[in-house]
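S.K.: just to be clear, the model below is a prediction. Sequence and coordinates:
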Amino acid sequence: MHKHFCIDKYEFPNKEGEKPAVMKSWVDAKDARKARGKRLCGDSEWTVACEGQERLPYPYGLKRDSNACNIDKPHPTPDERALGSSDAKVREAEGARLYQGESSGSRSACVSPFGVHDMTGNVDEWVVNESGQPFKSGLKGGYWGPVRDRCRPMTTVHGPEFQFYQIGFRCCADAPASANANAIRRR
């Protein structure tokens with residue numbers, strides 16, 4: 001399968017050294033990317049950018065390495081009432097307490113063969129679930145906890161309005177028509 005697209009080098013807001021945005025729903029992610037003239041990545045695009053041409057299970061190689069990417073940290077116990085609070089300050093304080101993400105690009109080994117950073121671990125990333133089943137929303141890459149943290153798996157049990165303390169996203173765009181049809185371009 002040939003893919004022709006551009007993908008952000010880092011998690012949103014796509015700035016090296018900044019913390020990725022979290023507590024974003026799929027709908028929030030779609031709105032943010034639209035304002036930038038981009039779109040959410042399809043799940044197959046995201047997978048290609050993570051695996052590279054070698055179809056690696058991890059962006060950095062064949063074996064899981066909890067030093068390469070921000071993965072395998074213990075889960076803190078969330079206060080569900082605080083996360084669901086109507087008071088934005090209470091929600092933000094609980095999210096900050098739970099947050100174990102790192103600044104984008106802070107681990108030099110956590111880069112895919114196409115030069116895309118932090119595709120596994122750090123934050124779970126919203127994508128378009130191309131099958132549409134059971135929802136049009138999907139999550140790829142895993143986050144800092146001891147979870148799937150690989151290129152290929154996708155979580156599909158959360159609808160487009162779901163948000164949580166470890167969920168963010170990155171953007172894609174269609175590649176210019178003049179670009180090489182087999183290339184992935186980073187933005």
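M.R.: Nice, thanks for sending it over.
S.K.: in this protein, which spans are helices?
M.R.: With DSSP state H as the criterion, the chain has helices at 26-35, 43-51, 80-83, 88-98.
S.K.: distance from the longest one to the middle of the chain?
M.R.: If I follow you right, that is helix 88-98. Averaging C-alpha positions (Cα atoms, centre = their mean, to the nearest Å) puts helix 88-98 21 Å from its chain's average.
S.K.: how about residues contacting it?
M.R.: 22-23, 76, 78-79, 82-85, 165-166 (Cβ atoms under 8 Å, 6 or more residues apart in numbering). To be clear about C-beta, it is placed using only N, CA and C from the backbone, and glycine gets the same treatment.
S.K.: most tightly packed of the helices of the chain?
M.R.: helix 43-51 (a mean of 22; mean count of other Cβ atoms under 10 Å).
S.K.: run through who's touching it.
M.R.: Against helix 43-51 from outside (Cβ under 8 Å, 6+ apart): 1, 3, 5, 7, 41, 57, 59, 112-114, 116, 119-120, 125, 127-130, 138, 140-141, 151-152, 154, 172, 184.
S.K.: mind redoing it with 7 Å?
M.R.: If you take Cβ atoms under 7 Å, 6 or more residues apart in numbering as the criterion, helix 43-51 is touched by 3, 5, 7, 59, 112, 114, 116, 119-120, 127-130, 138, 140, 151-152, 154, 172, 184.
S.K.: how about stretch 145-159?
M.R.: 43, 47, 50-51, 56-59, 69, 71-73, 75, 119-121, 129, 134-135, 137-140, 142.
S.K.: and for stretch 170-180?
M.R.: Stretch 170-180 has contacts (Cβ under 7 Å, 6+ apart) with 4-8, 11-12, 14, 33, 36, 38-41, 45, 125, 185, 187.
S.K.: and stretch 128-144, by the same measure?
M.R.: 26, 40-44, 46, 70-71, 73, 100-101, 119-127, 148-149, 154-156, 158-160, 166-167.
S.K.: and it, what's buried?
M.R.: 128-129, 135-144 (16 or more other Cβ atoms under 10 Å).
S.K.: now do stretch 67-84
M.R.: If you call a residue buried by 16+ other Cβ under 10 Å, then stretch 67-84 has these buried ones: 68-72, 78, 82-83.
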